[in-house]
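In: next come a sequence and a model predicted from it.
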Amino acid sequence: MLPAASMAGKVPSPKAAMITGVSTGDGFVGAAALDSGMKAPAVALQPQLAGHWPGTGDLFASAVEAALLKGKSLAGALDIGVRFVWRCLKEAPAQPALSRFGAPFELQLPWLIEALGD
């Protein structure tokens, strides 16, 4: 392992931050993001759905990264990520035993592709 002093100035500092699990307390949940050029954080929310589904963070991060790679703004990518996960969970069966397999995302991939656009 390299000493921290040898890495000084070589690791870029982050210019943006994103937080998931943002709740309004009145039934909406989503994420917030802020980058160095924004005056206020971008927030994307959807109605909170019941249940716990492993892997939603991976789905969110993948959708956000895809949107950023397609040239979307941070706020636009945040919105796509939140909407994609919400759409996946909205159509999920309400059977707790099935949640161990993760969120059913496959049927929402056409929506994600369309949302990413050109």
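Out: On my side now, so go ahead. Residues are numbered from 1 along each chain as shown.
In: for this structure, what helix or strand is lowest in average pLDDT?
Out: helix 4-7 (a mean of 55; mean pLDDT, DSSP states H and E).
In: neighbouring strands - and their directions - for the next helix or strand after it?
Out: Scanning forward in sequence from helix 4-7 by DSSP states H and E, the next helix or strand is strand 16-23. Applying DSSP bridges, strand 16-23 is found paired with strand 28-35 (antiparallel).
In: now the element after the strand it pairs with, going C-ward?
Out: According to DSSP H and E, the helix or strand after strand 28-35 is strand 42-47.
In: walk me through which strands that following strand pairs with, and which way each runs.
Out: strand 28-35 (antiparallel).
In: quick one: average pLDDT of the partner strand?
Out: The pLDDT scores in strand 28-35 average 95.
In: center of the protein - which residue?
Out: Closest to where the C-alpha atoms of the chain average out (C-alpha atoms, centre = their mean) is Phe60, at 3.2 Å.
In: give me the number of neighbouring residues for the closest residue to that residue other than its chain neighbours.
Out: Among residues not flanking Phe60 along the chain, Gly81 sits closest, at 4.6 Å (C-beta to C-beta, 6 or more residues apart in numbering). C-beta: built from backbone N, CA, C; applies to glycine. Neighbour count of Gly81, defined by other C-beta atoms under 10 Å: 28.
In: can you check the one 10 residues further on too?
Out: Counted with other C-beta under 10 Å, the burial measure for Glu91 works out to 12 neighbours.
In: residues in contact with it?
Out: By C-beta atoms under 8 Å, 6 or more residues apart in numbering, the contact list for Glu91 reads Pro104, Leu107, Gln108.
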